[in-house]
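# sequence? don't have it. structure:
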């Protein structure tokens, strides 16, 4: 006897929960052009002493 499995997802069972996602290529990471300031251990230590 062969058992046949039917693949079902939550979206198949409850279509009201389907989510349409926007195309990601239409968005840009606003931080992609950011440049980090050089930080050394001494500067971090000085900052943390003030906190």
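Sure thing, it's come through. Small disclaimer: the values here were computed from a predicted structure and weren't measured. Residues are numbered from 1 along each chain as shown.
# look through this protein and tell me its longest helix.
helix 41-50 (DSSP state H).
# where do the strands sit along the protein?
Assigned by DSSP state E, the chain shows no strands.
# where does the prediction get shaky in it?
Scanning the chain for pLDDT under 70 picks out the ranges 1-8, 10-11.
# what segments of it are helices?
Going by DSSP H, the chain shows helices at 10-13, 41-50.
# how about these in JSON lines, adding mean neighbour count and distance to residue 26?
All C-beta atoms are positioned from the backbone trio N, CA, C, and that covers glycine. What follows is those, written out as JSON lines (neighbours: other CB atoms under 10 Å; distance: least, CB to CB, whole Å):
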{"stretch": "helix 10-13", "mean neighbour count": "10", "distance to residue 26": "23"}
{"stretch": "helix 41-50", "mean neighbour count": "8", "distance to residue 26": "38"}
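# could you dump the ones you listed into a markdown table with distance to residue 24 added?
Formatted as a markdown table, the helices of the chain follow (distance: least, CB to CB, whole Å):
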| stretch | distance to residue 24 |
| --- | --- |
| helix 10-13 | 20 |
| helix 41-50 | 35 |
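# go through these and name the closest to residue 19.
helix 10-13 (8.4 Å; CB to CB).
# residue 21: how many residues sit nearby?
Residues lying near residue 21 (other CB atoms under 10 Å) number 5.
# do you know how far it is from residue 27?
11 Å (CB to CB, to the nearest Å).
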